[in-house]
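Sequence below, structure please.
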Amino acid sequence: MFVAFTVAATLPLIGSAFKVDSSRLGVVLSAYVAGLGIFQILAGFGALKWGTREVYLGGLALVGVASLLSGFSNSIAELVILRFFVGIGTAFTSGTAYSLLASYYPEGEKGKSIGLFSGITNGLGGIIGLPAASIMGLAYGWPFPLELVGIVTLVATLLSVLILPRTKSQGNIRQLGVVWSKGRPVLKSRSIWALSIGLAGFAAAAFVPIEYVTQYFNVVHPLWGITTAAEVAAVGTGFTLPGGILGGRIGERGYDRRVVLAICGVIFGACWLVFPHLELVFVWGLYAIAGILVGIVFTVLYIIPVYLEESKGENVTLGIGIISTTQFLFTSVFLSLFGIVTVGLGFTFAWTITGLIAIILLPLLLFVSPTRGNISSKIQNNKMKVQS
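Here you go, the predicted model:
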C-alpha cells in the first residue's frame with residue numbers, strides 16, 4: 001500500500017511542480033485506481049491458468065518497476081500513464097494475496113489471517129508511508145518517495161520468490177475453455193455482484209479522505225499544513241490495523257456478515273457528512289474511527305468469497321477480482337468527480353456527496369447469500385485438542 005500513499009502524501013507538491021489544480025490531480029489518483037480495477041478479473045483468470053503465486057510475483061515486480069519510473073516523469077501525462085501501470089501491478093497482487101492466505105490456513109483461521117494481513121498492509125502502509133512520503137517529498141522533492149518505494153518493492157519481489165510457499169493448486173491450465181468453465185460460476189454469482197455494487201460507494205468513500213486530505217488542508221485550512229494532513233491520514237490508515245484484526249475475529253464468529261457490513265457502512269458514511277464542519281482536534285478522532293470501520297469492512301468483505309460455494313478454493317482470486325474491479329472502477333470515476341466538484345462547488349459539498357455515496361448502495365447487500373462463521377466447529381476443535 002506504500003505505492004498508493006506516496007502520491008496521496010505528496011499531491012500538493014505534484015500539483016505545484018506541474019502547475020495543475022485539483023481537477024487534474026484527480027486524474028493522477030484515478031489512473032492508479034483504474035489500473036487496479038480494470039485488471040482484477042484478468043488476474044483471477046490468470047491465477048486459474050498460471051497459478052496464484054506466479055501471478056502475484058509478476059504483479060509485485062510490475063509495481064516496483066512502474067513506481068520507480070514514476071519518479072522520473074517529466075509531465076503530468078507521463079505520471080498518469082505510469083501510475084496506471086502501478087495500478088495494474090497492484091491488481092495482480094491484491095486478490096492473489098488473499099487467495100494465497102486462504103490456501104495456507106484451515107477453516108476458522110482464514111478470517112484471522114486475512115484480517116491481520118489487511119490491517120498490516122493498510123495500517124502500517126499508511127501510518128509509516130504517509131508521513132514518511134510527505135517528509136521526504138518536502139525535503140528531496142516529490143519523485144524521491146516514489147523511486148524509493150519502487151526499489152523497496154523490487155527487493156521485496158526477490159525475497160518473495162525465495163520465501164513464499166507454493167500452493168497445492170499450481171494453475172498451468174492450457175485450455176482457455178477449461179479456465180472459462182472454472183470461472184463462469186463466479187461471474188454469474190448474484191452474491192459476488194451484490195457485494196461488488198453494494199459496497200462500491202463505501203470503497204470510493206474510503207479512498208477519498210486519504211487521497212485528498214493533503215489537498216483539502218492545503219486549500220481550505222492552509223494553516224493546518226500538509227504535513228499535519230499526512231499525519232491525520234496516517235492515523236486513519238493506521239487504525240485499519242486493529243480494525244482488520246477485529247474484522248477477522250468478527251468475520252469468523254456467528255454473526256451475519258452482511259449485517260456487519262451494513263452497520264459499519266452507515267456509520268462510516270455519517271463520518272464524512274460531519275467532517276467538513278469539524279475542528280482539527282476532532283478530525284484526528286474521526287479518522288481513527290473511520291480507519292477501524294474500513295479495517296472491519298474490507299476484512300469481512302474479503303472473507304465472504306472464501307466461504308461462498310461458487311468462489312471458494314482456487315476461485316477466490318476471481319471472486320475478489322470481480323468485487324475489486326467494480327469497486328475500483330467506481331472509485332476511479334468518483335475520485336475524478338470529487339476533484340471537479342471541489343473546484344466548482346467547494347469541498348463541503350464534495351464531502352457531503354462522499355458520505356451519501358457510502359450509504360446509498362448498502363441495501364443491495366440483501367442479495368448476498370447469508371454467511372456466518374462456524375463457532376460450533378471451532379469449539380469442537382478446541383475440545384478435541386484438550387482431550388488429546
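
After the helix or strand in which residue 294 is found, heading C-terminal, what element do we hit next?
In this structure, residue 294 sits in helix 280-307 according to DSSP states H and E. Where DSSP H and E defines the elements, the next helix or strand beyond helix 280-307 is helix 316-344.

Give the buried residues for that following helix.
316-332, 334-339, 341-342 (16 or more other C-beta atoms under 10 Å). For glycine as for every other residue, the C-beta is placed from the backbone atoms N, C-alpha and C.

Quick one: list the elements packing against the helix or strand hosting residue 349.
Secondary structure assignment for residue 349, by DSSP H and E: helix 347-360. The contact analysis (3 or more C-beta pairs under 8 Å, 6 or more residues apart in numbering; DSSP states H and E) places helix 347-360 against helix 200-211, helix 213-220, helix 257-274, helix 316-344.

returning to what we had before: the helix holding residue 294 versus helix 257-274: what angle between them?
With axes from the mean of the first three to the mean of the last three C-alpha atoms, to 10 degrees as the basis, helix 280-307 and helix 257-274 are set at 160 degrees to each other.

Helix 200-211 and helix 280-307, what's the angle between them?
140 degrees.

Can you point out the buried residues in helix 280-307?
For helix 280-307, burial by neighbour count (16+ other C-beta under 10 Å) applies to 283, 286-288, 290-307.

for stretch 117-134, what is the average pLDDT?
Regarding stretch 117-134, the rounded mean pLDDT is 71.

again, but for stretch 21-29
Stretch 21-29 comes out at a mean pLDDT of 76.

mind listing what's buried in that stretch?
For stretch 21-29, by 16+ other C-beta under 10 Å, it's 22-29.

so can I have TSV of the residues you listed showing secondary structure and distance to residue 120?
Formatted as TSV, the buried residues of stretch 21-29 follow (DSSP: H, G, I helix; E, B strand; the rest coil; distance: C-beta to C-beta, whole Å):
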residue	secondary structure	distance to residue 120
22	helix	31
23	helix	34
24	helix	33
25	helix	28
26	helix	29
27	helix	30
28	helix	26
29	helix	23
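
Of all the helices and strands packed on helix 347-360, which one is nearest residue 357?
Proximity to residue 357 (C-beta to C-beta) singles out helix 200-211 among the helices and strands packed on helix 347-360, at 4.0 Å.

In CSV, could you pull the C-alpha coordinates for that closest one?
Provided in CSV are the C-alpha atoms of helix 200-211 (Å, rounded to 0.1, in the frame of the first residue of the first chain):
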residue,chain,number,x,y,z
ALA,A,200,-18.8,0.3,-4.3
GLY,A,201,-19.9,3.6,-2.7
PHE,A,202,-18.1,2.6,0.6
ALA,A,203,-14.9,1.8,-1.3
ALA,A,204,-15.0,5.2,-3.1
ALA,A,205,-15.6,7.0,0.2
ALA,A,206,-12.7,5.1,1.8
PHE,A,207,-10.2,6.3,-0.8
VAL,A,208,-11.2,9.9,-1.0
PRO,A,209,-10.3,11.0,2.6
ILE,A,210,-6.8,9.6,2.2
GLU,A,211,-6.1,10.7,-1.3
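
ok, for residue 299, nearest residue in space, not its chain neighbours?
Residue nearest to residue 299 in three dimensions, not counting chain neighbours: residue 247, with 3.1 Å by C-beta to C-beta, 6 or more residues apart in numbering.

these two touch, right, that neighbour and residue 298?
Yes. When contacts are counted by C-beta atoms under 8 Å, residue 247 is listed as touching residue 298 (7.4 Å).

what's the overlap in contacts for those two?
Counting by C-beta atoms under 8 Å, 6 or more residues apart in numbering, the contacts common to residue 247 and residue 298 are residue 118.

so how far is residue 71 from the spatially closest residue to residue 200 that is not a sequence neighbour?
Nearest residue to residue 200, sequence neighbours excluded (C-beta to C-beta, 6+ apart): residue 330, at 4.1 Å. According to C-beta to C-beta, to the nearest Å, residue 330 stands 29 Å off from residue 71.

Residue 24 too?
Distance from residue 24 to residue 71, by C-beta to C-beta: 19 Å.

cool, residue 6 as well?
Residue 6 is 9 Å from residue 71, by C-beta to C-beta.

One more: residue 30?
20 Å.

Next: residue 137.
Taking C-beta to C-beta, one finds residue 137 at 11 Å from residue 71.

what do you get for residue 346?
From residue 346 over to residue 71 the distance is 33 Å, taken as C-beta to C-beta.

Of the two, which one has the most company?
residue 71 (20 against 13; other C-beta atoms under 10 Å).

can you pull the contacts of that one?
143-144, 146-147, 150.

Name the nearest of these relative to residue 263.
Nearest member of those to residue 263, counting by C-beta to C-beta, is residue 146, at 37.5 Å.

Please work out how many residues are found near that closest one.
There are 29 residues near residue 146, going by other C-beta under 10 Å.

any idea how far the nearest residue to residue 187 once chain neighbours are set aside is from residue 45?
Leaving aside its chain neighbours, residue 187 sits nearest to residue 322 (7.0 Å; criterion: C-beta to C-beta, 6+ apart). Look at residue 322 and residue 45: by C-beta to C-beta, they are 11 Å apart.

Please consider this matter closed, and thank you.
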